[in-house]
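**Student:** pasting the sequence and the predicted coordinates here, then a few questions.
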Amino acid sequence: MKGSLNIVGLGPGAPGQITGEVEFALMAATDIVGYGPYVERAATPGAVLHASDNRVELERAHHALDLAAAGRRVVVASSGDPGVFAMAAAVFEALETRPEDHGLDIHVLPGVTAMLAAAARVGAPLGHDFCALNLSDNLKPWALIEKRLRLAAEADFAMAFYNPRSTARPHQFETALAILRAACGPSRLIVFARAVGGADERIEVTTLGEAKAEMADMRTLVIVGSSTTRRVGRFVYTPRSAP
Ligand code: SAH
């Protein structure tokens, strides 16, 4: 049997927000590899499940490549999109050290990333230029995060923040909010979108002046508007043109 490796995005959690090609790849898989909760979401009756801890990305990537090289039809599953702060880059990092596997049948199948699902819930806050930042300092120094925050605010991007706040580093998000308040002012809109697509989804729209760090946790996607982001009725949007 010729092995293959599909690196797929499951979307944010709502059943309707997984693509047809990802569902097809899951149905054809002999093995599904990934972080425990995602593997559970991706499970099919025919596949062997390989659930792992969230912190062992590179190990997990090598394991998936080993299985594909041995002839299995492997799916590596991420939530949202696999290329956004997720497994696709980890697989390619592992592949760099395995020239013998460069010919493997490898595909990345995109998914609806949390930022887009969250934006859609409130309207169109990412309708003009925007950027996405991962606020976790697990894989980069905190000083770099602060620098990128300041420069993104100065450039007047709308901003989407992944991994905003964990119990291991509760104070950093407060620092991030303080930097944003100083750069953007207290009336700037901010959206907290928690568990989008899940049964416990919660969406809050407020201003930087009113925002509290506790409004975010690791299941929250935060969007801060640009200077033109505004409310219309119950929606939030950023106009298509900037002054
Ligand atoms: N690959 C994923 C992101 C992984 S990083 C994607 O494309 O969506 C994990 C972070 O994504 C979380 O800390 C949170 O900020 C965000 N996230 C993932 N799923 C989410 C959801 N359903 N609702 C809100 N935020 C989510």
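**Tutor:** Thanks, I have it.
**Student:** nearest to the ligand: which residue in the protein?
**Tutor:** Nearest residue of the chain to the ligand: residue 80, at 2.0 Å (Cβ to the nearest ligand atom). All C-beta spots, glycine's among them, are computed from the backbone N, C-alpha and C.
**Student:** show the model's pLDDT score for that residue.
**Tutor:** Looking at residue 80, its pLDDT is 98.
**Student:** same question for residue 1.
**Tutor:** At residue 1, pLDDT is 66.
**Student:** how about the residues of this structure near the ligand?
**Tutor:** 12-13, 78-81, 84-86, 113-114, 118, 162-164, 193-197, 218-221 (Cβ under 6 Å from any ligand atom).
**Student:** got a list of what the residue of the chain closest to the ligand touches?
**Tutor:** 9, 10, 11, 12, 86, 111, 112, 113, 114, 117 (Cβ atoms under 8 Å, 6 or more residues apart in numbering).
**Student:** could you do residue 107 as well?
**Tutor:** 4, 5, 6, 7.
**Student:** narrow the residues of the chain next to the ligand to those in helices?
**Tutor:** 114, 118 (DSSP state H).
**Student:** any of the residues of the chain next to the ligand buried? List them.
**Tutor:** With burial judged by 16 or more other Cβ atoms under 10 Å, the buried subset of these is 12-13, 78-81, 84-86, 113-114, 118, 162-164, 193-197, 219-221.
**Student:** look up how far residue 99 lies from the residue lying closest to residue 222 once chain neighbours are set aside.
**Tutor:** If the residues on either side of it in the chain are set aside, residue 222 comes closest to residue 161, at 4.2 Å by Cβ to Cβ, 6 or more residues apart in numbering. Residue 161 sits 37 Å away from residue 99, going by Cβ to Cβ, to the nearest Å.
**Student:** so for the two, which sits in the more crowded spot?
**Tutor:** The neighbour count for residue 161 versus residue 99, taken as other Cβ atoms under 10 Å, is higher for residue 161 (26 against 8).
**Student:** just the terminal-to-terminal distance for stretch 31-51.
**Tutor:** 10 Å (Cα to Cα, to the nearest Å).
**Student:** which residues touch residue 49?
**Tutor:** 31, 32, 39, 40, 43.
**Student:** could you do residue 73 as well?
**Tutor:** 1, 3, 4, 6, 28, 29, 30, 31.
**Student:** and the last one, bridged to which residues?
**Tutor:** It refers to residue 31. residue 48, residue 74 (DSSP bridges).
**Student:** could you report the neighbour count for it?
**Tutor:** Residue 31: 20 neighbours (other Cβ under 10 Å).
**Student:** so it sits against residue 47, correct?
**Tutor:** Yes: counting by Cβ atoms under 8 Å, residue 31 does reach residue 47; the two are 6.0 Å apart.
**Student:** between the two, what contacts are shared?
**Tutor:** In contact with both residue 31 and residue 47: residue 75, using Cβ under 8 Å, 6+ apart.
**Student:** what's the helix or strand where residue 145 lies packed up against?
**Tutor:** Assigned by DSSP states H and E, residue 145 belongs to helix 142-154. Applying 3 or more Cβ pairs under 8 Å, 6 or more residues apart in numbering; DSSP states H and E, we find helix 142-154 packed against strand 130-134, strand 158-162, helix 170-184.
**Student:** try 7 Å this time
**Tutor:** strand 130-134, helix 170-184 (3 or more Cβ pairs under 7 Å, 6 or more residues apart in numbering; DSSP states H and E).
**Student:** list the buried ones in it?
**Tutor:** 145, 148, 149, 152, 153.
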